[in-house]
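> What follows is a predicted structure for the sequence shown.
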Amino acid sequence: MTLPPPSPPAGRTWPRRLLLLLWLGVIVGLSSWPNPQAPITPPTLLDRLLPYAVHFTLYAVLGLLIAWNLSPWARQRVHPLLGIVLVGLLGCLWGMLDEWYQGFIPGRYPSWEDVGVDTLGAFVGGWAGLWLLPRLLAPWRKASSASAGDPPPKP
């Protein structure tokens, strides 16, 4: 009979969850600002691309934080690709809820384009958190665990 792998101590998980909740609050807070009247001058390329860059960045950080919260569970139980898909789907769900919420804010409107950019950002953040960063940090973790006398972590 094999025992399940130990879960991380409760004292180490609350900062991850708190940061995730705070970031969700930042996204809701930014979505709550009413949109001022459109300027009279025609929009420049920067005016058109900046909102997409902001959405992508906000949701890439969200995807990274979701991946950080899932990483102890996901590393031991699922393939990284499945974890990235899960993070992307959670980011897509939050993006849809966020766009629905924006429909109630004066001057704002829901946009499927924004949901698409949000989802892409969440996938990139999930990829960074569940695939890229573990591979970049693996040599450093091996060196620090070897110097502490701990066995090396599982890939």
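That came through, no problem.

> contacting residues around the residue positioned nearest the centre of the chain?
Most central in the chain under C-alpha atoms, centre = their mean is Gly63, positioned 1.4 Å from the mean C-alpha point. Taking C-beta atoms under 8 Å, 6 or more residues apart in numbering, we find Gly63 in contact with 87-88, 91, 121-129. Heads up, the C-betas are built off the backbone N, CA and C, glycines and all.

> tell me which element it is part of?
helix 45-77 (DSSP states H and E).

> still on that earlier bit, how close does the residue nearest to the centre of the chain get to Leu22?
Using C-beta to C-beta, to the nearest Å, Gly63 is found at 15 Å from Leu22.

> got it, and Gly88?
Taken as C-beta to C-beta, the span from Gly88 to Leu22 is 21 Å.

> picking up where we left off before, for the closest residue in space to the residue nearest to the centre of the chain that isn't next to it in sequence, grab the count of nearby residues.
Of all residues not flanking Gly63 in the chain, Gly125 sits nearest, at 2.3 Å (C-beta to C-beta, 6 or more residues apart in numbering). Counted with other C-beta atoms under 10 Å, the neighbours of Gly125 add up to 27.

> if I look at Leu45, how far off is Trp112?
Here the criterion is C-beta to C-beta. By it, Leu45 lies 22 Å from Trp112.

> who has more neighbours, these two?
Taking other C-beta under 10 Å, Leu45 and Trp112 do not tie; Trp112 has more neighbours (10 against 7).

> Skipping adjacent residues, who's closest to the more buried one in space?
Going by C-beta to C-beta, 6+ apart, Trp112 has Glu99 as its nearest residue, at 7.7 Å.
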